[in-house]
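K.L.:
one predicted model, sequence on top.
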Amino acid sequence: MLDDHIAGIRLVDNHVHGYWLTSGDRGRFENGLNEANIEPLADFDSGFDTQLGFAVRAHCAPLLGLAEHVDPQTYWERRSELSEDQLARVFLPAAGVSDWLVDTGLPGDIAGLPEIADASGGEVGEIVRLEEVAEQAAACPGDYADAFRRILHQRTETAVATKSVLAYRGGFDGDLSQPDARDVAAAAARWRDAGGVRLTDRTLLRFGVHEALALGKPLQFHVGLGDRDCDLHRTNPMLLLELLRQSGTTPIVLLHCYPYEREAGYLAQAFNNVYLDVGLSINHLGARAEAFIERTLELAPFRKILYSSDAFGPVELPYLGSRLWRAGMAAVLAGFVARGQWSEADAIRVVDLIGRDNAVRVYGL
Amino acid sequence: MLDDHIAGIRLVDNHVHGYWLTSGDRGRFENGLNEANIEPLADFDSGFDTQLGFAVRAHCAPLLGLAEHVDPQTYWERRSELSEDQLARVFLPAAGVSDWLVDTGLPGDIAGLPEIADASGGEVGEIVRLEEVAEQAAACPGDYADAFRRILHQRTETAVATKSVLAYRGGFDGDLSQPDARDVAAAAARWRDAGGVRLTDRTLLRFGVHEALALGKPLQFHVGLGDRDCDLHRTNPMLLLELLRQSGTTPIVLLHCYPYEREAGYLAQAFNNVYLDVGLSINHLGARAEAFIERTLELAPFRKILYSSDAFGPVELPYLGSRLWRAGMAAVLAGFVARGQWSEADAIRVVDLIGRDNAVRVYGL
Amino acid sequence: MLDDHIAGIRLVDNHVHGYWLTSGDRGRFENGLNEANIEPLADFDSGFDTQLGFAVRAHCAPLLGLAEHVDPQTYWERRSELSEDQLARVFLPAAGVSDWLVDTGLPGDIAGLPEIADASGGEVGEIVRLEEVAEQAAACPGDYADAFRRILHQRTETAVATKSVLAYRGGFDGDLSQPDARDVAAAAARWRDAGGVRLTDRTLLRFGVHEALALGKPLQFHVGLGDRDCDLHRTNPMLLLELLRQSGTTPIVLLHCYPYEREAGYLAQAFNNVYLDVGLSINHLGARAEAFIERTLELAPFRKILYSSDAFGPVELPYLGSRLWRAGMAAVLAGFVARGQWSEADAIRVVDLIGRDNAVRVYGL
C-alpha cells in the first residue's frame, strides 16, 4: 500500500535544468555522470564506475529495452541509436513528474521550458537566476539597481522562484547583510567598467539576494555539492545563519546540501521560512541515496522538505532522480513502519508532503 | 535476554530540565516539540509533523489510553483532560529512571527538584549553571571573583555537577584560557555597570569555566543542537580542543552534540576526562534516534558515554527519551550481536555502562 | 559467490606501520587500542571496552585458539604466552595481504620492511615521510633545498610513495602554495639554528609537499583521525582544496579521513589525481566499520578508493583491518545487490578495484 502510493505519486520536481538537445560523444556522457570534476575524466577512469553510473545501468537500461545492469558499452551503443529528443520522450514521461521547475540560468545547447513541457507532457515553471539578472542589469544603461529591480520584476512576473549561486561566487562566509545603495552604485560602476561578466562582486551579490528577499517569491540557494569551482566548505548552510535571521518570511530553499544535509535540516526546523531540498545528491549517491534520504528525515519538519532531481545534461537524470527517490523513500519509510515508529498512514502522508504538497504550497502551483 | 535487560534497566538521566507545571494551549505544546525555532510555528506548520511529533503519538499515546499513532487532535484532547501534574505522574514513573540530574538554570513555571522527585518516585540531583552563578555574583556587593567562588562552592556543596551554556554566549571559537584576575575584575565592573543581566562577556565566561574546572565536579557543556540563538557551527566541540588540553582531571560532559556526535566521540577517546552524552538529540530524531545512537558508538569508549533525555517543557519528553534510547539500543546492539561483532553478554554490559554505571561513577551517585 | 570472492582476494595494504617487536605490559597493549589519547588510559578505563577492543576479542581470539569474544584477561594471558614475532607469524599471513606499503617514519622498536616481509610472506614497499627527509636535510651541510631533493630522490628510488604529516604540524588551513627559494633558505637556516628537530616551520613543510608533487610518486596525506596532538578540525581535507587545484597529476591519497570521509570522497570525484583511503578508521570503528565503508561508497568513484589497515603497534591490527574490511564490504555490497541497485558481478569488480587493482595501478606494483 505504501509501495503502491510511492510508485504512483505525481511529483513536483522543484529544481531541474535542461537536458542536452544534441548528441555528443561518450566522453561527454561519462563526464556528465561526474558532478565535481571540471576536467575531462582521466583515461584510467570511467563515469560508469560510480554510484550514479551503476544506477543508470540498473534503472535506465530497462527503459531502453536492455537488461538491468547491462554493461556500459552496450548501454552506450543503445543510447547512441536514439536522438536526445527521442531519449527525452522515453525518460521524462517515465519520471512521473507533473511539474518541472526549471533553472534556466545555465548556458549551452540544452532544453528550455518548451522542450521540457513537450517531451514530458508535464507543466513547467521558471526559476530565475539572480546572477543572470545582474548581468542583464549590467548591460543596461542607467542606474544599476533600478535596472536590476526592473528586470527581476519583469522576469519573475511569470516565474515561480529565484535562485542564487552565491556558493560559486565566493561562498557563504562573510557579511551577507543588505548593502548600502551608494556602495551598490559604486560596485556596479566598477563591474561595468570591467566588462560586466561573471559576477563575483560581493556587494552586488548581496544586493541581488536582498532584492530577491524583498520580492517575496521563494529563493533557492545552491548549497553544498557542486563542482570544484565552489569551495565546498564555504557552502555550509550554517554560514547563512545571519542572513536567515534577517530573511523575514520569504521562503528560502536550500538545494542539494550534501554533505551538510543534517545542518540544513536543522535550519529548516529553526526558521519558519527555510526548506530542505534533496536534489542532485540522490542521483549521485545511487545505491546510497537511501542513506541520504534518511539523514534528511532527521530534524527537518516534514512540511519543510522538497523533492527535486537537479538533473542537467543526460536526460536519464530527471528520471533517475524520481526513481531513486521513490525506491529510497519506500525502503526508509517501510523501515520506520516496521519498527513501529511511524504508522503507514503517516508514511503515505509524508510521501505526499515531500513529493508534491509542500512544493505546491511553497511555489503556489 | 538483551531486550529484557534493556527494558528493565533503571537509568540515570544525567541531564534534564523541569517540565511545565501549568496547563497551556496547543500552540505552546507544538512549539515545545520544536527545539531550534524561537518564533511561534508558522500557520502552515505543525509540531506534530516531525520525528518528535510522530514519536509522541507512537509511544506516549498508549500511556494515555490511546492507540499508537493516534491523530494529533485526539492526542491533544486527551492530554488536555489531565493536569500537567497528573501527566507527570503518568510519564515520569514510566521512564524507568532512578536518578534525575536536573539543570535548574532555566526560568519559567517549571518543575524543580521536589516536584520531579515527588512525581517520579526517583532520586534527584542538581546541576548548577555557571552563568546563573555569575548573575548572582554580579548582584552581590564586593569582589566579583570572590562572590562567584563563594556562591559556586555554596551551591555545589549539594549539587552533582556544573554546566556552561557558553555555546549560547558566543560559542566555542576563540580564546578559552584562564583570564587574568585583573581582567576579570575590570570585566565584572563593566558588566555590573551595565546591569549584570545575561552574561555574554567573554572574560567572565572563561572565568566561570575555569572556576568550575578548579572545583572538580563534572562540568557539562551544551554542545551542538539547541535553538537558533546559538550559532550551531560555533558549537562544534572540536573548538574546545585547547580548553580540553588544559582541563586536567575534572570530568567534562559534552551534551546533545548533534550533528557533531562523531567529533564528540573522538574527544571522549582522546581525553581521559571527556564524556559523550546523547540527550536531546534522541528525542528530536524519533525514528532516526537509532542512527544517532549508532554514530555515538563509534570512537567513544564505552565507559565514556552517558544517557540523558535533556527533556524540557512537555512531560512526555523525559519518558520518551528513555523509550527511544531503549528501543534504539536494543535494535543497534542486537545488530552487532547478530553479525558476530559483539557477544550478547558484552552488549548487556554496555547497556549498563551507558544507561547507569558510567553516570554513577562520574557523578558519585 | 560475492562472499567467497571477498574472502579470497589478496589485498594490497597501501598504508601500514610496523608492529611492536618486543613484549610489553598490558597497559601498553590497551593504550595501543586507543588512537586519540596520548596519555595513559585512566584507571577506570580499559582499551578493551571500545569498538576496537571488542573487535580484537571477536576476531583475533580464534587465531590464538580462544573462543570468540573471550574475556580480556584470558585474551591478554594467551597473547602473553607468545612473543611478538610469534604473534606476527599468526596474524600477518592470516591477513591475506600480498603487498604491504610501509610508512617507515615512526620511531620505536617496531618492525621494518624485512621483518614484515619475513613474518607475512608478502611483498613490501616503502613510503617515505617528507618530514623525516626534512630532518635529514637539516642535518646535512650545504644548501637545505639541494639536500632535501637529493635525499628525497635517493630514498624514493626504491620507495613506492611519499607521505606528509602536515596534519600534525599545524594542519591544512592557511597558505599551502609553493614557497619562494629564498624563503626556504631563510627558514632552513632558522630551523638549523634551532636544532633541526621536529619540523613545524610552515615554509619548509610547504616546500616538502611541493617537492613531493614535483617528484610525481603518489603522495599520501594523513587526514582526520589521529591522536589529539593534531587539531582534528584543521585536518578537514576540504582545506587542501587550493593545493589540490595546483597539484597537477601526482596521485594524492587522503588517508583515514574520519570523520571527513564524505568530504574526501567528494574530492576523489572532483580531482583526477585524488584518492580516498579507508585505513585506521575501519579498525577503530569495529562493529561500525560497515557504516564507515558505506559512507566511503558515496561520491568517490570506485577506481579512486584504496584499502589499508594503517596498523601500528599490536600486530593484531594489520590482520583485523583486513578482517573488518572484508566483513564490512561483504555486508554492504550484499545489501546493494539485494536491493537491485548493483549486480553481483559489479560488486565483485568493485571489491577487486578497492582491495587490490587501484593500488597496483596507483603505486605501479
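P.N.:
Sure, I can see it. Numbers count the residues shown, from 1 in each chain, chains lettered A, B, ... in the order given.

K.L.:
what about the closest residue to residue A:34 other than its chain neighbours, how many residues nearby?
P.N.:
Counting by Cβ to Cβ, 6 or more residues apart in numbering or on different chains, residue A:34 lies nearest to residue A:47, which is 5.4 Å off, once chain neighbours are set aside. Every C-beta, even on glycine, is put in place using the N, C-alpha and C of the backbone. Neighbour count for residue A:47, taken as other Cβ atoms under 10 Å in any protein chain shown: 22.

K.L.:
residue A:101 - that's part of a strand, no?
P.N.:
Yes. Secondary structure of residue A:101, determined by DSSP: H, G, I helix; E, B strand; the rest coil: located in a strand.

K.L.:
that one contacts residue A:14, doesn't it?
P.N.:
Yes. The pair residue A:101 / residue A:14 is scored as a contact, 4.9 Å apart, by Cβ atoms under 8 Å.

K.L.:
thinking again about what came up before, which ones are touching the residue nearest to residue A:34?
P.N.:
For residue A:47, the contacting residues are A:29, A:30, A:31, A:32, A:33, A:34, A:41, A:53, taking Cβ atoms under 8 Å, 6 or more residues apart in numbering or on different chains as the criterion.

K.L.:
start to end distance for stretch A:103-112?
P.N.:
For stretch A:103-112, the first and last residues are 9 Å from each other (Cα to Cα, to the nearest Å).

K.L.:
if you could redo that for stretch A:343-358, that was the one I meant.
P.N.:
Length of stretch A:343-358, first residue to last, Cα to Cα: 20 Å.

K.L.:
ok, now stretch A:348-361?
P.N.:
Using Cα to Cα, the end-to-end distance of stretch A:348-361 comes to 18 Å.

K.L.:
show me where the stretch 101-250 of chain A has its helices.
P.N.:
For the stretch 101-250 of chain A, helices defined by DSSP state H, counting those that start in this stretch occupy the ranges A:113-120, A:130-138, A:144-156, A:181-193, A:202-215, A:241-245.

K.L.:
residue boundaries of the strands in the stretch 201-350 of chain A?
P.N.:
In the stretch 201-350 of chain A, the strands defined using DSSP state E, counting those that start in this stretch lie at A:219-223, A:252-256, A:274-277, A:305-306.

K.L.:
out of those, which gets nearest to residue B:276?
P.N.:
In this view, the strands of the stretch 201-350 of chain A are compared for proximity to residue B:276 by Cβ to Cβ, and strand A:274-277 is the closest at 26.6 Å.

K.L.:
tell me, which helix in chain A spans the most residues?
P.N.:
The helix spanning the most residues in chain A, taking DSSP state H as the definition, is helix A:316-338.

K.L.:
can you state the direction angle for that one and helix A:113-120?
P.N.:
60 degrees (axes from the mean of the first three to the mean of the last three Cα atoms, to 10 degrees).

K.L.:
domain parsing for chain A?
P.N.:
Per the TED database, the structural domains of chain A span A:1-21+A:84-363, A:24-82.

K.L.:
measure how far the longest one is from the centre of its chain, please.
P.N.:
In this case it means domain A:1-21+A:84-363. With Cα atoms, centre = their mean, to the nearest Å as the basis, domain A:1-21+A:84-363 stands 4 Å off its chain's centre.

K.L.:
sorry, back to before: can you put the contacts of residue A:47 in JSON lines and add neighbour count and secondary structure?
P.N.:
Putting the contacts of residue A:47 into JSON lines (neighbours: other Cβ atoms under 10 Å in any protein chain shown; DSSP: H, G, I helix; E, B strand; the rest coil) gives the following:
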{"residue": "A:29", "neighbour count": "23", "secondary structure": "helix"}
{"residue": "A:30", "neighbour count": "21", "secondary structure": "helix"}
{"residue": "A:31", "neighbour count": "18", "secondary structure": "helix"}
{"residue": "A:32", "neighbour count": "18", "secondary structure": "coil"}
{"residue": "A:33", "neighbour count": "25", "secondary structure": "coil"}
{"residue": "A:34", "neighbour count": "24", "secondary structure": "coil"}
{"residue": "A:41", "neighbour count": "18", "secondary structure": "coil"}
{"residue": "A:53", "neighbour count": "22", "secondary structure": "helix"}
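
K.L.:
done for today, thanks.
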